[in-house]
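> Sequence first, then the predicted structure, then my questions.
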Amino acid sequence: MSEERRAANFIEEFIDEDLASGRYDHVRTRFPPEPNGFLHIGHAKALCIDFGIAEKYGGKCNLRFDDTNPTKEDAVFVENIQNDIEWLGFSWDELHFASDFFEKLYEIACGLIRKGVAYVDDQTSEEMRKNRGTLTRPGVNSPYRDRSVEENLDLFRRMRDGEFPDGSRVLRAKIDMASPNVLMRDPTLYRILRCHHHRTGDNWCIYPMYDFQHPLQDAIEGITHSLCSLEYEIHRPLYDWVVREAGFEHPPRQIEFARLNLTRTVMSKRHLRRFVEEGVVAGWDDPRMPTLAAMRRRGYSAAAVKDFLGRVGVAKADSTVDLALLEHCVREDLGGRAPRAMAVLRPLKVTLSNWPEGFVDEIAMENHPDHPEMGERTLHMGNVLYIDREDFMEEPPKKFFRLAPGREVRLKGAYIIRCEEVIHDENGEVAELVCSVDMDSRSGSEGRQPQGQGHAALVERAGRPPLRDAPL
RNA sequence: UGGGGCGUGGCCAAGCGGUAAGGCACGAGACUUUGACUCUCGCACUCGCAGGUUCGACCCCUGCCGCCCCAGCCA
């Protein structure tokens, strides 16, 4: 680490501090998704931070699946998540699954019970909720809070052995029911849940909660900096409590940053999942989704996505980034190297009145204006073509330089045409245009540019080739 | 009315006591057979508000105001 290197954000400042103070002599981060859906652009931000920080400090980043809630998870998601990470160009050091550590976590839980800082609670979830108090009122201790270590150990073992029905008991941390931080009011560590797990099958009927599993897993993996989003800030005291009570020597340091929000974009996995399940979209990779799979399908490159995330920055203020920035990054990336194609989104029929009968011209169209090596394609032009309705106005305002009654425009790569007649349908809508074509104005020919309006017109836009190569 | 965070231009975001970076968006102009791209110029006398400390504050202190998160046997 060079001394002159300046921290690029507050996370790096913390890490620099830790390295300078000797708290750590290396950096190891982790990206910890729950395999319950596809990764979206918001996850990509966290991913870039996790992997990016490790890379910057010459450290390592692990990929870990926090698969502790089998009711929502599936193996297809773990496979897809790995694909997405690789697509972005990141390589994880170690690959872990929380489920591979269930036995270890169980042992640690027993250790907590022996220390007298965890107990089995028989209250119903309703009773627990009621006794937890409110934001402004402290909670009250569970009547089962002072069970003996032996009884707790026995009960917890029997929970694991499947002697009790789902939801009948939980293992809780014994902290402080009067804590102003509600999360510290004896949080649940384990719950009984009979559900087939995509990796451990039916081996377990008790599953650890995030607040217990996550910090321990970080500690077990030797993570130095556990980076996560702002909503976990209030979990940090509990995170530290768990790691400390479990006796880890070098506790990881949790640092929180603001998650990504984008204008006009639904980023909640809960809603995205609903869209998929209810068929609102065709799938997780439906082009309308904010998932990496969808963006890839739309032609966004990993470089563009990472460039965007880099420009967004890392901070703690809640924010909503303008979608225009993402689009700018994608255009900038694609603009210089993507082959061009023309399309008409809202077609308006144009008939050329003086086009030679039966003549079909072959128009050579460059695939990229700045890259002749990308070659060209051939479009076929006849007496009928389609332009976008946006490129015609019957009563053009001053700054409109495209087609209008009596005006000329050049069809990109082809001829100059003049609007001679506007045909309306029964509703008075413009239905078709009759234009004359200047057969001497073929692209490449000398000189003439459309006069009067001053500019050659862009008549082609996106969907369908305006110079069609097949009858529409 | 509890606790934890955050407030710099339309949207992000630098700034760490010495007199407001950068990007996106937007506006004006140049160029253009993609009105794209590119290029040039413009865009916070001011940093949520009000006091205070200081020669000097966005950066320090005090008090307000606003927004976000937390009462899952989700992560």
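Perfect, I can see it now.

> quick one: the strands in the stretch 351-472 of chain A?
Listed in chain order, the strands found in the stretch 351-472 of chain A under DSSP state E, counting those that start in this stretch are A:361-366, A:376-381, A:384-388, A:408-410, A:416-424, A:430-438.

> Show the contacting residues for residue A:99.
Contacts of residue A:99 were listed using C-beta atoms under 8 Å, 6 or more residues apart in numbering, and they are A:65, A:67-68, A:197, A:199-200. Heads up, the C-betas are built off the backbone N, CA and C, glycines and all.

> Dump the strands of the stretch 351-472 of chain A to TSV, plus mean neighbour count, mean pLDDT and distance to RNA strand B.
Below are the strands of the stretch 351-472 of chain A laid out as TSV (neighbours: other C-beta atoms under 10 Å; pLDDT from 0 to 100; distance: least, C-beta to the nearest atom of the strand, whole Å):
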stretch	mean neighbour count	mean pLDDT	distance to RNA strand B
strand A:361-366	15	86	8
strand A:376-381	16	85	12
strand A:384-388	23	85	11
strand A:408-410	22	84	5
strand A:416-424	17	94	9
strand A:430-438	18	94	11
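
> Can you lay out those strands as JSON lines showing distance to residue A:206?
Shown next, in JSON lines, are these (distance: least, C-beta to C-beta, whole Å):
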{"stretch": "strand A:361-366", "distance to residue A:206": "65"}
{"stretch": "strand A:376-381", "distance to residue A:206": "63"}
{"stretch": "strand A:384-388", "distance to residue A:206": "62"}
{"stretch": "strand A:408-410", "distance to residue A:206": "73"}
{"stretch": "strand A:416-424", "distance to residue A:206": "73"}
{"stretch": "strand A:430-438", "distance to residue A:206": "70"}
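
> wait, which of these is closest to residue A:168?
strand A:384-388 (65.4 Å; C-beta to C-beta).

> if we can go back for a sec, which one of the strands of the stretch 351-472 of chain A lies closest to residue A:177?
strand A:384-388 (66.7 Å).

> Direction included, what does that closest one pair up with?
strand A:347-352 (antiparallel) (DSSP bridges).

> tell me which residues in the strand it pairs with are buried?
By neighbour count on 16 or more other C-beta atoms under 10 Å, the buried set for strand A:347-352 is A:347-348, A:350, A:352.

> Can you give the contact residues for it?
Residues from elsewhere that reach strand A:347-352 (C-beta under 8 Å, 6+ apart): A:383-389, A:391-392, A:417, A:430-437, A:463-464, A:472.

> quick check, nearest of the contacts of residue A:99 to residue A:167?
Set against residue A:167, the nearest of those by C-beta to C-beta is residue A:68 (16.4 Å).

> Number of residues surrounding the closest one?
25 (other C-beta atoms under 10 Å).

> Distance check, residue A:235 against RNA strand B.
As judged by C-beta to the nearest atom of the strand, to the nearest Å, residue A:235 and RNA strand B stand 6 Å apart.

> my bad, residue A:103
Distance from residue A:103 to RNA strand B, by C-beta to the nearest atom of the strand: 17 Å.

> and residue A:236, that one's in a helix?
Yes. Counting by DSSP: H, G, I helix; E, B strand; the rest coil, residue A:236 is part of a helix.

> residue contacts, it?
Contacts for residue A:236 (C-beta under 8 Å, 6+ apart) come out as A:254, A:256.

> Okay, it and residue A:184: tell me how far apart.
Going from residue A:236 to residue A:184 by C-beta to C-beta, to the nearest Å gives 11 Å.

> my read: residue A:69 touches residue A:208, true?
No. With contact defined as C-beta atoms under 8 Å, residue A:69 does not count as touching residue A:208 (9.7 Å).

> Which one's more surrounded, those two?
Between residue A:69 and residue A:208, counted using other C-beta under 10 Å, residue A:208 has the larger neighbour count: 27 against 19.

> Show me which residues of the stretch 301-450 of chain A are close to RNA strand B?
Residues of the stretch 301-450 of chain A found near RNA strand B (C-beta under 7 Å from any atom of the strand) are A:311-322, A:324-325, A:328, A:331-332, A:335, A:340, A:368-369, A:399-402, A:410, A:412-414, A:442-445, A:449.

> Any quick ChimeraX command for the buried ones out of those residues?
Command for ChimeraX that selects the buried part of those, burial taken from 16+ other C-beta under 10 Å:
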select /A:312,314,321,368,401,402,410,412,413,414
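
> For chain A, which residues score under the pLDDT cut-off?
Along chain A, segments meeting pLDDT under 70 span A:1-5, A:444-472.

> Wasn't residue A:254 part of a helix?
No. Counting by three-state DSSP, residue A:254 is not part of a helix but strand.

> burial of the residue nearest to it when sequence neighbours are not counted, as a residue count?
Using C-beta to C-beta, 6 or more residues apart in numbering and skipping the chain neighbours, the partner closest in space to residue A:254 is residue A:226 (4.4 Å). When neighbours are defined as other C-beta under 10 Å, residue A:226 has 26 of them.

> sec struct for residue A:226, please.
On the basis of three-state DSSP, residue A:226 is classed as strand.

> Check whether it really touches residue A:256, as I assumed.
No. Using C-beta under 8 Å, residue A:226 is not in contact with residue A:256, being 9.4 Å away.

> before we move on, back to that, make a markdown table out of the contacts of residue A:99 and add distance to residue A:16 and secondary structure.
Converted to a markdown table, the contacts of residue A:99 look like this (distance: C-beta to C-beta, whole Å; DSSP: H, G, I helix; E, B strand; the rest coil):
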| residue | distance to residue A:16 | secondary structure |
| --- | --- | --- |
| A:65 | 30 | strand |
| A:67 | 33 | coil |
| A:68 | 33 | coil |
| A:197 | 40 | strand |
| A:199 | 38 | coil |
| A:200 | 40 | coil |
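
> Fine by me, we can end here.
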